[in-house]
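[1] no sequence on this one, just coordinates:
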């Protein structure tokens, strides 16, 4: 999956570092596209030596490599670089660099969506002590937002409930959805499967989780079984396809980045619990 970068390691502790010439710098345009260079399955980043301005904030490190974020337009330009969406990079690259882009996008989205205090409307400033935004007027502290969501592998004997979204990602997927206020993850599983496909479920069991910066999510995977009537009544506003598919006929996604694909692969190979 995208976070599986071993033997490399993400260090997301916040430190108020100063940028050096060897550090990587990311910036995103108003559409959320990142300015990078595409190599042979690798992403190239602007470095501190390319910058005239100092970037706004330290993001994280992968091994000994530090990553910084610029929240404003910068002057660096190079014909080998261009703006790419996270979805475009997902289809064209892999490795720790792609994970860095996804994680940086998550933080960029949070910083840009929280420029002003939601309590008193004052301009927020960057904390020097922790990953937080501070209000100088009312003292409000804003921390990064993480959206919990479930991925659900619904099993009926030798079949898995496969879906495709109405819009957006075009490949096979599983039932998925965000956890609502006051709801447990298991209750989210029951509700989302019922809302999207009309199928009741039982024997819900945790599989694995995954950070997914593209949507500022923490994805939580579950397997479960269909309970009783397993006829599908698809929500056509959410999905364009929902069918019970025999394990040998499951078509996987074109890469191994997502929790969804790993869960489909586990079932296809008879390894799901």
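    Yep, it's here. Please read these numbers as outputs of a predicted model, since none were measured by experiment. Numbering: from 1, shown residues only.

[2] all helices of the protein, in order?
    In the chain, the helices defined using DSSP state H lie at 86-92, 96-113, 185-197, 259-268.

[3] Once you drop chain neighbours, what's closest to the most centrally placed residue in the chain?
    When C-alpha atoms, centre = their mean is applied to the chain, the residue found nearest the centroid is residue 212 (1.8 Å). Among residues not flanking residue 212 along the chain, residue 219 sits closest, at 5.1 Å (C-beta to C-beta, 6 or more residues apart in numbering). All C-beta spots, glycine's among them, are computed from the backbone N, C-alpha and C.

[4] Show me where the stretch 1-150 of the chain has its strands.
    For the stretch 1-150 of the chain, strands defined by DSSP state E, counting those that start in this stretch occupy the ranges 10-11, 24-27, 34-38, 43-44, 46-47, 57-62, 65-70, 82-84, 125-126, 133-134, 141-142, 147-156.

[5] possible to save those strands as CSV with mean neighbour count, distance to residue 110 and mean pLDDT?
    Formatted as CSV, those follow (neighbours: other C-beta atoms under 10 Å; distance: least, C-beta to C-beta, whole Å; pLDDT from 0 to 100):
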stretch, mean neighbour count, distance to residue 110, mean pLDDT
strand 10-11, 14, 17, 97
strand 24-27, 24, 14, 94
strand 34-38, 20, 15, 93
strand 43-44, 18, 21, 93
strand 46-47, 20, 21, 92
strand 57-62, 20, 11, 96
strand 65-70, 21, 11, 96
strand 82-84, 16, 20, 93
strand 125-126, 12, 12, 94
strand 133-134, 19, 9, 97
strand 141-142, 15, 8, 97
strand 147-156, 21, 11, 97
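
[6] Next, format those strands as JSON lines and append distance to residue 270.
    As requested, these are exported to JSON lines (distance: least, C-beta to C-beta, whole Å):
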{"stretch": "strand 10-11", "distance to residue 270": "32"}
{"stretch": "strand 24-27", "distance to residue 270": "41"}
{"stretch": "strand 34-38", "distance to residue 270": "37"}
{"stretch": "strand 43-44", "distance to residue 270": "35"}
{"stretch": "strand 46-47", "distance to residue 270": "46"}
{"stretch": "strand 57-62", "distance to residue 270": "35"}
{"stretch": "strand 65-70", "distance to residue 270": "39"}
{"stretch": "strand 82-84", "distance to residue 270": "37"}
{"stretch": "strand 125-126", "distance to residue 270": "50"}
{"stretch": "strand 133-134", "distance to residue 270": "48"}
{"stretch": "strand 141-142", "distance to residue 270": "46"}
{"stretch": "strand 147-156", "distance to residue 270": "11"}
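
[7] Mind picking out the helix or strand in this protein with the poorest mean pLDDT?
    helix 86-92 (a mean of 89; mean pLDDT, DSSP states H and E).

[8] ok, residue 207 touching residue 223?
    Yes: counting by C-beta atoms under 8 Å, residue 207 touches residue 223, with 5.6 Å between them.

[9] Looking at those two, which one has more neighbours?
    residue 223 (23 against 17; other C-beta atoms under 10 Å).

[10] Write down the beta-bridge partners of that one, one by one.
    As for beta bridges, residue 223 partners with residue 153, residue 205 under DSSP bridges.

[11] Distance check, it against residue 108.
    33 Å (C-beta to C-beta, to the nearest Å).

[12] Tell me who's in contact with the residue lying closest to residue 27 once chain neighbours are set aside.
    In space, and not counting its chain neighbours, residue 27 is closest to residue 70: 4.0 Å by C-beta to C-beta, 6+ apart. For residue 70, the contact set (C-beta atoms under 8 Å, 6 or more residues apart in numbering) comprises 25-27, 51, 53, 55-56.

[13] Closest one of the residues you listed to residue 240?
    Nearest to residue 240 out of those is residue 26 (C-beta to C-beta; 33.9 Å).

[14] Find the residue closest to the closest one in space, skipping its chain neighbours.
    Nearest to residue 26 is residue 104, by C-beta to C-beta, 6+ apart, at 4.8 Å.

[15] cool, and residue 54?
    residue 19 (6.0 Å).

[16] thought the one you found was touching residue 68?
    Yes: using C-beta under 8 Å, residue 19 makes contact with residue 68 at a distance of 5.3 Å.

[17] Since that was my last question, I'll sign off now.
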